[in-house]
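Engineer: Just the structure for this:
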Amino acid sequence: MKKVKLLLVLILTCFSLYPSLAQNNQNDHYIVGKTLDNGTISIALDQQDFKTMGKTVQATDIYNAGLAYYYGRGVKIDYKMAFKCFQIASELGLVPSQLALAVCYMDGRGVTENDSLAFSLVQKSAELGFSQSICMLGTCYLAGVGTQKDTAQAVSCFKKGADDYKLPAAKAFLGRCYLYGIGVPKDEYVGLKYLKAAINGNEVYAMYYLGCYYLERPGLEKDYKKALRYLNKGADLKNGESINKLGECYLNGWGVVQDKTMAFNLFNNAADLENKDAFVNIGNCFFRGDGTSVDYNKAVEWYNKAAERKVIMGIYKLGFCYENGLGTEANLDRAIELYKKAADNKSEEAKAALKRLNK
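Structural biologist: Alright, predicted model coming up:
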């Protein structure tokens, strides 16, 4: 089932809303370190000995250890170990771990990708009253991941998260729905109200959404000054999407003096934060020589990274390189395979390529 770009943004946002269950977040590294240094934890992980684990450390410590492995906090990133920690903590009754497991299943990190199981975990934890799961449930309905697409149900979840639980992320998602008429009648006033309330809660994706809105302004004059203000706010808080969009502003001269070298640097900064669209933008820079030298081999490398992360434009661009033997040996069969994959996910460019090749 297709995962749209928006969904991936929302998933990461929801997950990052609950970074630690430590009593004192400033002491988080100590708590995680204590858990990881406990000699019994590795044995329990290997043997899946939930009873032993429960006697030696708290479920919250196991969950925090999972986050350490997932994000690389004091240890090397290890998604399989992260998944095991989340699984154990969930078996011990820690509800937030169910959401963490869902994220792993959605993204195929540490476990085989399984959208249906991910949705089931999100739904279960939402029913148990975990507020971030209610927000995540909305994203599943919005994109049809593990369930039928239902924008009205998505909005209902976002409203509950925004109005009942006062979640800044839910306010951001709901505001975007109102701005673009997704699951509700389009209402700019209400959309901006929710987004600005989310920004007051320091929600970086509200900054990103507002920045994009003022860049696009469907049917209205673009406001580059406001767009850049919000995108810079998001970038200052290390939001990869905002940084990538700022790169596009510098690449195209939107509200700033065009500076392709600056754009290239910003795309790389966004890629360091795992922004998937930045992978395509870096590939494009190497392909065209924007801010760097033309290098088809490196362009293919970055398009391949994007394709591995299911970025549809990356899949199409990689197909184009295989078709034309740019940065790789020409392979028409491989190109067609990639075009079909992109076309199945509604890429108009890929559909045109297949039509041109009579496929």
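Engineer: could you give the mean pLDDT of stretch 99-116?
Structural biologist: The average pLDDT for stretch 99-116 rounds to 94.
Engineer: Put the alpha carbons of that stretch into CSV.
Structural biologist: What follows is the C-alpha trace of stretch 99-116 in CSV, where atoms were taken according to Å, rounded to 0.1, in the frame of the first residue of the first chain:
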residue,chain,number,x,y,z
LEU,A,99,3.6,3.0,19.2
ALA,A,100,7.3,2.5,18.9
LEU,A,101,6.8,-1.0,17.5
ALA,A,102,4.3,0.3,15.0
VAL,A,103,6.8,2.8,13.7
CYS,A,104,9.3,-0.1,13.3
TYR,A,105,6.8,-2.1,11.4
MET,A,106,5.8,0.8,9.2
ASP,A,107,9.3,1.6,8.2
GLY,A,108,10.7,-1.9,8.2
ARG,A,109,13.3,-1.1,10.7
GLY,A,110,14.5,-4.1,12.7
VAL,A,111,11.7,-6.2,11.5
THR,A,112,9.9,-7.1,8.2
GLU,A,113,7.6,-4.2,7.1
ASN,A,114,4.0,-4.9,8.0
ASP,A,115,1.5,-2.1,7.7
SER,A,116,-1.5,-4.1,8.9
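Engineer: Just the buried residues of it, please?
Structural biologist: For stretch 99-116, the neighbour count (16 or more other C-beta atoms under 10 Å) marks 99-107, 110-111, 114-115 as buried. Every residue, glycine included, has its C-beta placed from N, CA and C.
Engineer: I'd like those residues as CSV, with distance to residue 205 appended.
Structural biologist: Shown next, in CSV, are the buried residues of stretch 99-116 (distance: C-beta to C-beta, whole Å):
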residue, distance to residue 205
99, 17
100, 19
101, 23
102, 19
103, 16
104, 21
105, 22
106, 17
107, 17
110, 25
111, 26
114, 26
115, 22
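Engineer: Check the secondary structure at residue 329 for me.
Structural biologist: coil (DSSP: H, G, I helix; E, B strand; the rest coil).
Engineer: what's around it, how many residues?
Structural biologist: For residue 329, the tally of surrounding residues (other C-beta atoms under 10 Å) stands at 7.
Engineer: ok, now how distant is it from residue 68?
Structural biologist: 42 Å (C-beta to C-beta, to the nearest Å).
Engineer: With residue 110 instead?
Structural biologist: Between residue 110 and residue 68 the distance, using C-beta to C-beta, works out to 13 Å.
Engineer: mind listing which of the buried residues of stretch 99-116 are in helices?
Structural biologist: Using DSSP state H to define helices, the subset of the buried residues of stretch 99-116 located there is 99-107, 115.
Engineer: State the pair within the residues you listed that is farthest apart.
Structural biologist: Between any two of these, the greatest separation by C-beta to C-beta is 15.9 Å, found for 100 and 115.
Engineer: and residue 133, which of the three is it?
Structural biologist: helix.
Engineer: who touches it in this structure?
Structural biologist: With contact taken as C-beta atoms under 8 Å, 6 or more residues apart in numbering, residue 133 is in contact with 14, 95, 98-99, 102, 122-123, 125-126.
Engineer: any idea which of those is closest to residue 198?
Structural biologist: Nearest to residue 198, judged by C-beta to C-beta, of the contacts of residue 133 is residue 14 at 13.3 Å.
Engineer: which residues touch the helix or strand hosting residue 205?
Structural biologist: Using DSSP states H and E, residue 205 maps to helix 204-216. Around helix 204-216, the neighbours that count as contacts under C-beta under 8 Å, 6+ apart are 9-10, 13, 168-169, 171-173, 175-176, 179, 192, 195-196, 198-199, 222-224, 226-231, 233-234, 237, 239, 241-242, 245, 249, 254.
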